[in-house]
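# Sequence plus predicted model, see below.
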Protein chains: 2
Amino acid sequence: MIAKAKVVNLALDKAVPLQHPVKIREAMRYSLLAGGKRVRPALCLAACELVGGDEETAMPAACAVEMIHTMSLIHDDLPCMDNDDLRRGQPTNHKVYGEDTAVLAGDALLSFSFEHIARETKGVPTDRVLRVICFLGKAVGSEGLVAGQIVDIASEGDSSVGLETLEYVHIHKTAALLEASVVIGAIIGGANEEEIDRLGRYARYVGLLFQVVDDILDVTKSSAELGKTAGKDLLADKATYPKLLGLERSKEFAQNLTVKAKEQLSIFDQLKAAPLLGLADYIANRQN
Amino acid sequence: MIAKAKVVNLALDKAVPLQHPVKIREAMRYSLLAGGKRVRPALCLAACELVGGDEETAMPAACAVEMIHTMSLIHDDLPCMDNDDLRRGQPTNHKVYGEDTAVLAGDALLSFSFEHIARETKGVPTDRVLRVICFLGKAVGSEGLVAGQIVDIASEGDSSVGLETLEYVHIHKTAALLEASVVIGAIIGGANEEEIDRLGRYARYVGLLFQVVDDILDVTKSSAELGKTAGKDLLADKATYPKLLGLERSKEFAQNLTVKAKEQLSIFDQLKAAPLLGLADYIANRQN
């Protein structure tokens, strides 16, 4: 799966060339091209194609969601946030370039993501492109990713955190951007409102699934297997699904979410929906 | 001057209402509504009106440039950057809300600025709105504001920094966003290419002027008069115009830039250009 990773990597490499001032570009490229799984771009491209759009037209948006995801990782890893030294098996951005550059690299990736969509999306009605920018902005800011992160930080070390807060955090911190990836791909591809609605719900289930699996991997895998510090949630006494539900019920919950995610795609030709159906399985079964 | 500050403040207040999660919204509003001079929104609105546009249509963009300016102040003040405790006479964002929230408040303001333009700009052709988003993105990211900041950080404590680097920093760190403010107002107002070009050059001169005056004020005013720590550049052994040119020649340079800025507006009806002509004078003569 994630057959699209290679073509996405090429597009990302081209989108952020090395140019003056070199240091900021190096910092941006270091994290952007560090070999992520490219789940979000894959979702974006697949959704565009599923609704009958030309995959090519969604590539700038697909790159943009990966830039935003990278920004969020760089900023989350900062000492004043999660203070993480390791990411995807490599030293985190601020460990290599310093905290000041890491903050700025994130800022630059964030603003560039919107610019890139506005400039490079071709052959798509401009009102669709504006709708994409709206949707993406909402998924990132204080109604999306940032909201999830702020509630996550506030709940750290709070042993009273329950399933409701945990779900709020994941829906905002993880699912919002996954949902945006799918929905903006669909908007670019010319989806109707029902298709957008179904795909949005598919992505929210997948997003929650992604996080439940993450929680499970954190307690069942080693740092070497994950390419990032394992057992961190436990150490930080963080609310996780295994902690609140137990490991077995967490696995059942994950399976349940996978089924629900796939059900949302029943309105589509199942052959054409295969990449998104496969992505749900891929996320359910990933080992790191 | 800055007669528009009141109406801009109202629009900003309305754009970022207090809602869940409250802490991030409070942090965003704390810095956004801290009583800045609103130079950038004023430039944006004035440019729109000067080229025959309806000022109202540029209000979302005017708010967006102020959000971006605020984001840059919040992130610049962080301990890992300029480590400043005081801004506009008040404790800086991270002093009140903590570093983690300050980083996130900046991120949220940045992404929201693009979303706000895309969602709220009404009665303007959508291709113009996309052009605005492109221009603004470029002004903020690694070809604009971030580029200026990264070169600024790199030059700190480097006594060999000359006028060329100093100008690079100011053109990117300060002038780029002022230029964007003017140019996007003009684009929204329906300016032709010559008008955009002239207004862009006007703003670059004004931007450089803004920084030369800032450098002069830093060595001639007290912290109480400025509402921020005075003498900081001197203390940090930072390259400034007074340091490189001396105080008198810096003042002459500022006067020169004011004249050049105003010259760019000669193609416009001078009565209609009065707000932008006045803004150049205001920036040249400001005392804090």
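Received the coordinates, thanks.
# I figured A:Met28 hits A:Leu110, correct?
No. Using C-beta atoms under 8 Å, A:Met28 is not in contact with A:Leu110; the gap is 10.6 Å. C-beta coordinates here come from the backbone N, C-alpha and C atoms, glycine included.
# what number of residues lie near the closest residue in space to A:Pro79 that isn't next to it in sequence?
The shortest distance from A:Pro79 to any non-neighbouring residue, by C-beta to C-beta, 6 or more residues apart in numbering or on different chains, is to A:Glu99 (6.6 Å). As a burial measure, A:Glu99 scores 18 neighbours (other C-beta atoms under 10 Å in any protein chain shown).
# go on, A:Val169?
24.
# What pLDDT is listed against the closest residue to it other than its chain neighbours?
In space, A:Val169 comes closest to A:Asp152 once its chain neighbours are excluded; the distance is 4.6 Å by C-beta to C-beta, 6+ apart. pLDDT for A:Asp152: 92.
# Same check on A:Gln264?
pLDDT at A:Gln264 comes out at 97.
# for A:Ile2, same thing?
Model confidence at A:Ile2 (pLDDT) stands at 65.
# ditto for the one 5 residues further on
Residue-level confidence at A:Val7 comes out at 95, pLDDT.
# And it, which helix or strand is it part of?
helix A:5-15 (DSSP states H and E).
# so where does A:Ser111 fall, helix or strand?
Here A:Ser111 is assigned to helix A:99-120, by DSSP H and E.
# Also compute the angle for that helix relative to helix A:5-15, please.
100 degrees (axes from the mean of the first three to the mean of the last three C-alpha atoms, to 10 degrees).
# could you point out which element follows helix A:99-120?
Counting by DSSP H and E, what follows helix A:99-120 is helix A:126-140.
# List of residues touching that following helix?
With contact meaning C-beta atoms under 8 Å, 6 or more residues apart in numbering or on different chains, helix A:126-140 is reached by A:61, A:64-65, A:68, A:72, A:110, A:113-114, A:117-118, A:121, A:144-146, A:176-177, A:179-180, A:183-184, A:187-188, A:190, B:107-108, B:111-112, B:114-116, B:118-119, B:126-127, B:129-130, B:133.
# now the angle between helix B:99-120 and that helix, please.
160 degrees.
# If you count neighbours, what's buried in helix A:126-140?
A:126, A:128-140 (16 or more other C-beta atoms under 10 Å in any protein chain shown).
# try stretch A:21-29
Those would be A:21, A:23-25, A:27-29, for stretch A:21-29 by 16+ other C-beta under 10 Å.
# Can I get those in TSV including distance to chain B, secondary structure and pLDDT?
Shown next, in TSV, are the buried residues of stretch A:21-29 (distance: C-beta to the nearest C-beta, whole Å; DSSP: H, G, I helix; E, B strand; the rest coil; pLDDT from 0 to 100):
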residue	distance to chain B	secondary structure	pLDDT
A:Pro21	5	coil	94
A:Lys23	6	helix	95
A:Ile24	5	helix	97
A:Arg25	6	helix	97
A:Ala27	9	helix	98
A:Met28	7	helix	98
A:Arg29	10	helix	98
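# Flag the shaky bits of chain A, pLDDT-wise.
Applying pLDDT under 70 to chain A flags the ranges A:1-2, A:234-235.
# again, 80 this time
Low-confidence segments of chain A (pLDDT under 80): A:1-3, A:88, A:157, A:221-238, A:288.
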